[in-house]
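Student: Predicted model and sequence follow; I will ask about them next.
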Amino acid sequence: MSDRSKIEWTDATWNPVTGCTKISAACTNCYAERFAERFRGIPGHPYEQGFDLKLWPERLTLPLRWKQPRTVFVNSMSDLFHEDVPDDFIEKVFEVMINANHHIFQILTKRSERMLAWVQFNFSAESNGNGKSAWPPHIWLGVSVEKGNYTWRIKHLQRTPAHVKYLSIEPLLGPILLNANLLDRIQWVIVGGESGSHARPMNPDWVYDIRDQCERYSVPFFFKQWGAYDHYGKRVGKKRAGRIFDGRTYDSVPNSHCHGEQWQKI
């Protein structure tokens, strides 16, 4: 948890929940698990319990103390919609995000079914007398999609009332054939390769396909990193591989005040 982050597409991280369990191919070499397990058993350390799931109610109000507006990645070390996170705790997280509306909050999940069910029960796109709250535009929703057989998560995301919906395609482990249907109502796509000692290589053709589809349908495209392998498939490490793709960096992001239609490029 930090009010500064090295993740290229956010400013800060906030972890009212830590720990998770593996549910799909992208989880195999989880960076968060690798980090947390280094400290298992160290008394008093925030990761004394390793990567076992833990709720941190004392961290809930942290974003309210950050006076400078920033983009905040929620639960970089967990998944807010993990099956062991109680509904009422998720509600408390949302209460803080709603009150801290000077920030932008980025929620990312692999558990898109629970996300959809929870969000639809509590929110609508706008207030219309149905007893649900209107969706706060400063809270973004995203799903992880590592290869083509996980695109069903996108369909769940598309059914939410979030004004900004995004895809994190990292690590990209196989081809993903995005099309008009899958990019409908998607406001941002992030792509990156895997890093770490057991990283799996990313085929540049997979990246080209996604980039080209994003450009075709005017969806902002952000290339985060090559990962452990460069664009020639040589293992050189994350730092040397860098994030230059097709001769440039791709840093497009949704506009800070985006309601699904306007963009800025940085």
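Tutor: Good, I have the coordinates. As the structure is a computational prediction, the values presented were derived from the model and not from experiment. Residues are numbered from 1 along each chain as shown.
Student: Now do Pro136 against Gly192, distance only.
Tutor: Distance of Pro136 to Gly192, given as Cβ to Cβ, to the nearest Å: 27 Å. Quick note: C-beta positions are derived from backbone N, CA and C, even for glycine.
Student: Compare those two and say which one has the larger neighbour count.
Tutor: Gly192 (22 against 17; other Cβ atoms under 10 Å).
Student: Isn't the more buried one up against Glu146?
Tutor: No: with contact defined as Cβ atoms under 8 Å, Gly192 does not count as touching Glu146 (10.5 Å).
Student: helix or strand for Leu167, which one?
Tutor: Here Leu167, judged by DSSP states H and E, is contained in strand 165-169.
Student: which residues make contact with the very next helix or strand once past that strand from outside it?
Tutor: Going down the chain from strand 165-169, the next helix or strand is helix 180-183, by DSSP H and E. Counting by Cβ atoms under 8 Å, 6 or more residues apart in numbering, helix 180-183 makes contact with Thr151, Ile154, Lys155, Val189, Gln213, Cys214, Tyr217, Val219, all of which sit outside it.
Student: repeat that with 6 Å
Tutor: Here helix 180-183 makes contact (Cβ atoms under 6 Å, 6 or more residues apart in numbering) with Thr151, Ile154, Tyr217, Val219.
Student: where's the residue sitting nearest the centre point of the chain relative to Ser76, distance?
Tutor: Centroid-nearest residue in the chain, with Cα atoms, centre = their mean: Leu108, separated by 3.4 Å. Here Leu108 is placed at a distance of 8 Å from Ser76 (Cβ to Cβ).
Student: which residues pair with the residue nearest to the centre of the chain across the strands?
Tutor: With DSSP bridges as the criterion, Leu108 is bridged to Gly142.
Student: can you map out the helices along the protein?
Tutor: In the chain, the helices defined using DSSP state H lie at 31-37, 62-65, 87-99, 112-122, 152-158, 180-183, 204-216, 238-241.
Student: Who does the strand holding Leu167 pair with, and is each partner parallel or antiparallel?
Tutor: Partners of strand 165-169 in the sheet, by DSSP bridges, are strand 139-144 (parallel), strand 188-192 (parallel).
Student: Pipe those into JSON lines and attach distance to Pro86 and mean pLDDT per row.
Tutor: Shown next, in JSON lines, are these (distance: least, Cβ to Cβ, whole Å; pLDDT from 0 to 100):
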{"stretch": "strand 139-144", "distance to Pro86": "19", "mean pLDDT": "98"}
{"stretch": "strand 188-192", "distance to Pro86": "29", "mean pLDDT": "98"}
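Student: With that, I have no additional questions.
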